[in-house]
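Asker: quick one, fold the following:
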Amino acid sequence: MPETDEIARLVADVVDHGVRQVHVLAWRDLDDDDAGGSEVHADQFERRWAAAGLEILHRTSAAVRRPPTDRRHGYDVVRRGSRYSVFPRAALAEITGRMGPSDALIEIWNGVPWASPLWYRRRPRMTILHHVHGPMWDQIMPGPLADAGRFLEARLAPPWYRREAVVTPSDATRQELIGLGLRPEQVTAVDNGVDEFFTPASDQDATRSPVPLVVAAGRLAPVKRFPLLLEAAAAARRRVPDLRLRIVGDGPQRSELEAWVAGHAASDWVALPGHVTRPGLRDEYRRAWVVASASLAEGWGLTVTEGAACGVPAVASDIPGHRCSVQDGVTGVLAPPERLGDALADLLIDHRRRTALAANALARARTLTWDASALGVLHVFHRVVTTYARRP
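Answerer: Numbering: from 1, shown residues only. Okay, here's the model as predicted:
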C-alpha cells in the first residue's frame, strides 16, 4: 500500500533525527468500558507507527479488568490513576523520568489538557484534539465545575498551545480552535478512517430490514442526546407509522431511556439491545435504512461513517464534528434538533433519494482509511521533529 510505504519512509526519517521512543498521553484506553472514537483513533495510528519502527508507550488511566501494564498491537500500555488523578500522575511521572526515557511526546487533549507545553521542554511534542467540548461541560459536570471546565478549555489553556502543532479530525473543529486563539498554520485537520471490517452485505436487499429501521450506536450518555433522538423518531412516526428504532450501546443513561420507552408504550417499535460485538454492530448497520446521531458534540462521528461503509446514509445533528463525517445532502442529512424528526421522515419515505445518498456514503467511506489517517498525523509529527532538529 502506498500509505504504508510512506509511513515507513517518514518513520525512518524521524528515527534518523533522533526520535525513536514516543510517549502518548491519553485520558482513556481502548480497553476501557467507556472507550470511544478518540481511543480508536489513538490505537490506529500507534499500531501503524509501531509497525514501522517507533517505540511507543501509551499512558492512560486505569481500566476495569485490565492490568496496569500491557502490550497491545506492537506498543506498550501503562494504565494507572483515576479519571482525574491520571493527569498529575502522568505529568509527574514524565517529569521525574519514572515513565522511562522518551524522545518526543504526543498528548491527546480530551476536555482537560495535559499542559505539556509547560513541563515537557527541549524535546519535540504535538497535540491531538478531537473536538471542543463547549456545551458538553454542562452534560458531564455540575454547574460550577462545568464553568471551570469551559474556562480552562476556552480561556486558560489555549495560550499554552498557541505555538504547538495540533491535529484535529474536523475542519469545523479546526475553525473552532482558531477561534480560541490557536494559530491557523499550527492546526491541521486530518480525516479519521473507517475500519475495513465495516462493509455492505453481499445481498443488501435481502439483509435490509423489511420495515423502515433507524439505528443509532454509542455510549448511553447525556452528550449523545438519545432522549432527543427518541422524540425525533416519535415525531417521524406520524408520517412513517411502521418506523422502528434500535439504540445500540450501554451506559449511565440506560434507565432513563428504558423509562421513556415504558412511559410512551414504545416497546413495540424501540429496542435497546445493549452492547453488541463488532460483527453484531456491523449487522445492525447492514439492516438499517438510516444511521442516526443526535449528539451534542463529536470530534468526528465515527458511527455514521461506519454506517456509511455498510452502505447506509445518515441523519445527524448539525454540529461541527458531523459536518465532516456527513456531507450534507450528499452522504446524509444534517439538521438542527427541532428538525431531526422531519429529516428522518423525509429520508425514510424517499426511496430514490435514500438510495442515492447511500451510494455516495459508501463511495466516500471507501476513501477514509486508517492508513491514510495515520499517515496524515505522521506528516505533522514528522514536521515537528524535523523542525525541532533544525533549531539552534
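
Asker: which SSE is residue 194 in?
Answerer: Using DSSP states H and E, residue 194 sits within no helix or strand.

Asker: domain-wise, how is the protein divided?
Answerer: 2-193+369-389, 204-365 (automatic domain parsing).

Asker: hang on, residue 346 packs against residue 335?
Answerer: No - at 9.3 Å, residue 346 does not count as touching residue 335 under the criterion of CB atoms under 8 Å. To be clear about C-beta, it is placed using only N, CA and C from the backbone, and glycine gets the same treatment.

Asker: ok, those two, which is more surrounded?
Answerer: It is residue 335, of residue 346 and residue 335, that has more neighbours when counted by other CB atoms under 10 Å, with 21 against 18.

Asker: how about the helices of the stretch 101-250 of the chain, start to end?
Answerer: 116-119, 137-140, 143-151, 171-179, 204-207, 226-236 (DSSP state H, counting those that start in this stretch).

Asker: for residue 361, which of those helices is the nearest?
Answerer: With CB to CB as the criterion, residue 361 lies closest to helix 204-207 of those, at 12.7 Å.

Asker: need the next SSE after the helix or strand where residue 359 lies, C-terminal direction.
Answerer: If you go by DSSP H and E, residue 359 is part of helix 351-365. Using DSSP H and E, the next helix or strand after helix 351-365 towards the C-terminus is helix 370-389.

Asker: tell me the buried residues in that following helix?
Answerer: 370-382, 384-386, 388 (16 or more other CB atoms under 10 Å).

Asker: so what touches it?
Answerer: By CB atoms under 8 Å, 6 or more residues apart in numbering, the surrounding residues in contact with helix 370-389 are 1, 3-4, 6-7, 10-11, 13-14, 17-19, 41, 44-45, 48-49, 104, 106, 123-126, 128, 165, 167, 169, 188, 190-196.

Asker: next one: it to chain centre, how far?
Answerer: Relative to its parent chain, helix 370-389 has a centroid offset of 19 Å by CA atoms, centre = their mean, to the nearest Å.

Asker: now residue 295, what's its secondary structure?
Answerer: Secondary structure assignment for residue 295 (DSSP: H, G, I helix; E, B strand; the rest coil): coil.

Asker: how near is it to residue 279?
Answerer: Computed as CB to CB, to the nearest Å, the residue 295 to residue 279 distance reads 24 Å.

Asker: which members of the contacts of helix 370-389 are classed as buried?
Answerer: If we count by 16+ other CB under 10 Å, the contacts of helix 370-389 have these buried: 3, 6-7, 10-11, 14, 17, 19, 41, 44-45, 48-49, 104, 106, 124-126, 128, 165, 167, 169, 188, 190-195.

Asker: wait, residue 146 touches residue 135, no?
Answerer: No - using CB under 8 Å, residue 146 is not in contact with residue 135; the gap is 9.3 Å.

Asker: please, which helix or strand holds residue 76?
Answerer: strand 75-79.

Asker: any idea how far the closest residue in space to residue 38 that isn't next to it in sequence lies from residue 298?
Answerer: Setting aside the residues directly before and after it, residue 38 is nearest to residue 130 in space (CB to CB, 6 or more residues apart in numbering), at 5.1 Å. Distance, residue 130 to residue 298, using CB to CB: 8 Å.
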